[in-house]
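>>> Fold the following.
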Amino acid sequence: MKVEEMLQHVDHTQLKAFATWEDIVKLCEEAIRFKTASVCIPPAYIRRVHDTYGEKINICTVVGFPLGYSVTEAKIAEVEQALKDGCNEIDMVVNISDVKNGMYDKVEKEIAALKKVCGNHILKVIIETCYLNEEEKIAMCKAVTNAGADYIKTSTGFGTEGATKEDVELFKKHIGEDVKIKAAGGVQTLEDLEMFLNLGCERIGTSKAVALCAGQIAEAGY
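Next up, the predicted model:
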């Protein structure tokens, strides 16, 4: 797979708590140069990035991140403010405690509530697979599908483990036909990046894509 094609599926990510404006600028400049799908940035930087780059860049942010246990009303407020500030895509974290308690209907209602606020904007649902068993992962596939979200996403990148081949294959068996897959947190090599894309992931969340593709980027004369 050519480097240009791979990078078009990447949500170029910088979500560290200590990310500086210089870090965000570097991320954005790389995203524009290499035509990544989006930049995924902390909510506090959305307005500044939008004011700086305008329509040159597709902004994604996170909600209820990274632990997921804020109340639905707080997550809705986060979404509303993010969209107002110029964000186009939302990656929300489900209430993992609700999942572990078997409260799948409650989780589905929360996802649906956030999707209603998002409207035509893309909503990706992070289920944090490292904390879930197979039954819970399947239940989340159904909840994401029934709630009308656009993507199911494996991980925050802040848990104990990131995306795995097995989880992506499980998703493919149990999500609805309109739900896409985003792998995140498990992309350590160029081979990982290509593997997840070949498995059918539409998006890859990683901070490392440009570095991983450096050799091919040089060869391609970017």
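>>> How about Ala139, nearest residue that isn't a chain neighbour?
Nearest residue to Ala139, sequence neighbours excluded (Cβ to Cβ, 6 or more residues apart in numbering): Tyr104, at 4.7 Å. The way it works is simple: take the backbone N, C-alpha and C, and place the C-beta from them, glycine included.
>>> any idea how far the one you found is from Ile32?
Distance, Tyr104 to Ile32, using Cβ to Cβ, to the nearest Å: 40 Å.
>>> Could you check which of these two has the larger neighbour count?
Counted by other Cβ atoms under 10 Å, Tyr104 and Ile32 do not tie: Tyr104 has more neighbours, with 17 against 14.
>>> Which element, helix or strand, includes the most centrally placed residue in the chain?
Among the residues of the chain, the one closest to the centroid is Asp91, at 4.9 Å (Cα atoms, centre = their mean). In the assignment (DSSP states H and E), Asp91 maps to strand 89-93.
>>> Show residues contacting that strand.
The contact list for strand 89-93, computed with Cβ atoms under 8 Å, 6 or more residues apart in numbering, reads 11, 38, 40, 58-68, 75, 79, 82-83, 111, 114, 118, 121-126, 128, 153, 156, 182, 205.
>>> Quick check: next helix or strand after that strand?
Following strand 89-93 in sequence order, the next helix or strand is helix 96-100 (DSSP H and E).
>>> Can I get that following helix in CSV? Just the C-alpha atoms.
Extracted C-alpha coordinates of helix 96-100, given in CSV (Å, rounded to 0.1, in the frame of the first residue of the first chain):
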residue,chain,number,x,y,z
ILE,A,96,-16.9,1.7,30.8
SER,A,97,-18.3,1.2,34.3
ASP,A,98,-21.8,1.0,32.8
VAL,A,99,-20.5,-1.6,30.3
LYS,A,100,-18.9,-3.7,33.1
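>>> Buried ones in it, by neighbour count?
Ile96, Asp98, Val99 (16 or more other Cβ atoms under 10 Å).
>>> Pull the distance from the strand holding Asp91 to the chain's centre.
Here the centre of strand 89-93 is set off from its chain's centre by 6 Å, with Cα atoms, centre = their mean, to the nearest Å.
>>> Need the mean per-residue confidence for that strand.
In this model, strand 89-93 carries a mean pLDDT of 99.
>>> Could you do stretch 66-78 as well?
98.
>>> Name all residues that make contact with the nearest residue to Ser70 once chain neighbours are set aside.
In this structure, Ser70 finds its nearest non-sequential neighbour in Gly64, 5.0 Å apart by Cβ to Cβ, 6+ apart. The contact partners of Gly64, by Cβ under 8 Å, 6+ apart, come to Ser70, Ala74, Lys75, Glu78, Met92, Val93, Val94, Asn95.
>>> Bridging across strands, which residues link to the fifth one?
Partner residues in beta bridges with Met92: Val63, Val125, with DSSP bridges as the criterion.
>>> since we're on it, how many residues are nearby?
Taking other Cβ under 10 Å as the criterion, the count of residues near Met92 is 25.
>>> Okay, it and Leu197: tell me how far apart.
23 Å.
>>> same check, this time on the second one
Ala74 sits 34 Å away from Leu197, taking Cβ to Cβ as the criterion.
>>> In terms of neighbours, single out the busier of those two.
Neighbours per residue (other Cβ under 10 Å) separate Ala74 from Leu197, with Leu197 holding more: 19 against 12.
>>> quick one: the more buried one and Met1 touch, right?
Yes: at 6.4 Å, Leu197 counts as touching Met1 under the criterion of Cβ atoms under 8 Å.
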